[in-house]
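J.: Pasting the sequence and the predicted coordinates here, then a few questions.
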Amino acid sequence: MTFTHYIDGQWQQADSQGSFATINPATQQPIKDVAAGNKADIDKAVSAARNAFDHGPWPRLSGKERGAYLRKIAALINERLTELAKLEVEDNGKPYPEAEWDIEDTAGCFEFYASLAEQMDEQDDDVIEVPESRFTSKAVKEPVGVAGAIIPWNFPMLMAAWKVAPALAAGCTMVLKPSEVTPLTAIALAQIAEQAELPPGVLNIVTGTGPDAGQPLAEHPDVDKMAFTGSVPTGSRIMAMAANQVKNISLELGGKSPLIIFSDTDIEQAVEWIMFGIFWNQGQVCSATSRVLVEQSLYPKLMERLIAEAKKITIGEGNEDGVLLGPLVNQSQYEKVLAAIEKGQQEGATLAYGGERPEHLPTGYYVKPTIFTDVPEDSWIWKEEIFGPVVCVKPFTTEAEAVALANDSRFGLAGAVMSKDLQRCDRVARALRAGIIWVNCSQPTFVEAPWGGYKQSGIGRELGTWGLNNYLETKQITSYDPEQPWGWYIK
């Protein structure tokens, strides 16, 4: 059986009749065949979304009516939670507890945007005071139109929700292209949309590669807005494509996020959050705090504890009990991470632990948790995103030095600071040039709070009301009192 595209409320074979296999990264064996979409498939999907937006009921429904569909999707996700989490493990490789958390958050995301959709009915237009009494003016919010979304493989169903839920809440229609590496839960989302009786054309899902399906979507003239999460090089290309048509765009890209730990921090908490910040999801997290800066007086003892705890992490297939580190997502990522580790050693960094395949796992894309010390500030592994379970640790002596080292990056997605001195934490948090800052923790994410970065980490914000606004346009409506003469030409 080959999973097909979901277009205009129907399951359709790829126009090319081609397919590709999605691979279980723990076994390196095929799971399912998936339709390989191309430009013709994207054209069909965009046409369906365009027709649904221009002529269908979706943007004309009340927010309460759209919210009811989103709540039904959330309920259906919750009904299939265990099944979907196991599917995510099989397709992506992450440990089951992480996958279960992701699917719970996916349902929560649809619930949250259902509430925001409902609130749209209660919001009055923004009345604008103008200096001329014969005029009244107001600003109204309207859906941007047809949205295209391209999502990554690290949080497959959750990243789909981050784009689909706010877009649909706003009244947009959407064409979603999941990563070809992990398409299975996006296909499940299409099944759920069908079961929720979402009107035809509101959500269309086309599977395929970036060049064959992603590029035609980003370039399509009938797509009003593009939303992308992924690497900086791909985001830059999508931005260039959007620029040709001056298309509305939001980008959530890479990161090389710092974690600053001051010497008054409890060492056990520091080690816990270092590990959570880089080994969660095998380090395949755009916001991973992969650069750790530790105050010199705490540094030796912390490194000893960090290495000792890293050695205890249970590595294996994600559905096995107790596993906290699964395989990397595919062969390509596995090779990239090993190449980065080798490059770090060549550039003079000290490999304090890890950097290799676990001895008991001859099959699967596994890499031990990896810790580098003595990392040169101009080295590739200090400056560039590795996207694997690899952390670089450096000591610092002053707060100013730590902030300067943290900010010396072309990225600005996230950062974190740990100290018992909360005034210092606030001071450092405000000094860090990044869009997301954690204090005495690393990585917790809430659908209510804005998500996005500075510098080359992206454009715009997802989640919260900011995520909804991504899919809304602002229109000015100004009225003149017809009982009043204008008197410019006719006196």
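T.: That came through, no problem.
J.: which stretches of the stretch 201-350 of the chain have low pLDDT?
T.: Scanning the stretch 201-350 of the chain for pLDDT under 70 picks out no residues.
J.: And the strands in it, which stretches?
T.: Here the stretch 201-350 of the chain has its strands, by DSSP state E, counting those that start in this stretch, at 203-205, 225-229, 248-252, 258-261, 291-295, 350-353.
J.: Pipe the ones you listed into a markdown table and attach distance to Asn440 per row.
T.: For every residue, glycine as well, the C-beta is placed using N, CA and C. Shown next, in a markdown table, are those (distance: least, CB to CB, whole Å):
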| stretch | distance to Asn440 |
| --- | --- |
| strand 203-205 | 39 |
| strand 225-229 | 27 |
| strand 248-252 | 25 |
| strand 258-261 | 10 |
| strand 291-295 | 14 |
| strand 350-353 | 24 |
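J.: Out of those strands, which one sits most buried?
T.: For the strands of the stretch 201-350 of the chain, the largest average neighbour count (mean count of other CB atoms under 10 Å) is found in strand 203-205, namely a mean of 30.
J.: if I look at Ile267, how far off is Val294?
T.: 10 Å (CB to CB, to the nearest Å).
J.: whoops, I mixed them up, Gly67
T.: Separation of Gly67 from Val294 (CB to CB): 47 Å.
J.: Show the pLDDT at the spatially closest residue to Gln345 that is not a sequence neighbour.
T.: Spatially, and ignoring its direct neighbours in sequence, Gln345 is nearest to Leu351 (5.7 Å; CB to CB, 6 or more residues apart in numbering). For Leu351, the pLDDT comes out at 98.
J.: Return the set of residues that bridge with Leu351.
T.: Note on Leu351: beta-bridge partners by DSSP bridges are Phe372.
J.: and Val181, helix, strand or coil?
T.: coil (DSSP: H, G, I helix; E, B strand; the rest coil).
J.: Pull the contacting residues for it.
T.: 22, 153, 329-330 (CB atoms under 8 Å, 6 or more residues apart in numbering).
J.: between Ile267 and Val294, what contacts are shared?
T.: Shared contacts of Ile267 and Val294, defined by CB under 8 Å, 6+ apart, comprise Leu302.
J.: Just the ones in helices from the contacts of Val181, please.
T.: If you go by DSSP state H, the contacts of Val181 have nothing in helices.
J.: show me the contacts for the residue nearest to Gln345.
T.: By CB under 8 Å, 6+ apart, Leu351 lies in contact with 341, 344-345, 370-372.
J.: Tell me the one of the contacts of Val181 nearest Arg237?
T.: Of all the contacts of Val181, Trp153 has the smallest distance to Arg237: 17.7 Å, by CB to CB.
J.: How many residues are close by the residue lying closest to Gln215 once chain neighbours are set aside?
T.: Spatial nearest neighbour of Gln215, chain neighbours left out: Met241 (7.2 Å); criterion: CB to CB, 6+ apart. Met241 has 19 neighbouring residues, counting by other CB atoms under 10 Å.
J.: One more: Ala449?
T.: Neighbour tally, Ala449, other CB under 10 Å: 12.
J.: Which of the helices or strands spans the nearest residue to Gly201 once chain neighbours are set aside?
T.: Distance criterion CB to CB, 6+ apart; nearest residue to Gly201, sequence neighbours excluded, is Ala52 at 2.9 Å. Using DSSP states H and E, Ala52 falls within helix 39-54.
J.: Give me the contact list for that helix.
T.: The contact list for helix 39-54, computed with CB under 8 Å, 6+ apart, reads 5, 7-9, 12, 14-16, 35, 58-59, 143, 145-146, 148, 172-175, 177, 199-202, 204-206, 208, 212-213, 216-217, 220, 222-223.
J.: quick one: which of the strands of the stretch 201-350 of the chain is nearest Trp162?
T.: Closest approach to Trp162 among these (CB to CB): strand 225-229, 7.6 Å.
J.: Name the strands paired with that closest one and say parallel or antiparallel.
T.: Paired strands of strand 225-229, with direction, are strand 146-150 (parallel), strand 248-252 (parallel) (DSSP bridges).
J.: Take the ones you listed and lay them out in JSON lines including distance to Gly283.
T.: Shown next, in JSON lines, are those (distance: least, CB to CB, whole Å):
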{"stretch": "strand 146-150", "distance to Gly283": "22"}
{"stretch": "strand 248-252", "distance to Gly283": "17"}
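J.: Could you list the buried residues of stretch 297-312?
T.: 298-299, 302-303, 306-307, 309-310 (16 or more other CB atoms under 10 Å).
J.: Likewise for stretch 394-402?
T.: Neighbour counts over stretch 394-402 (16+ other CB under 10 Å) mark 394-396, 399, 402 as buried.
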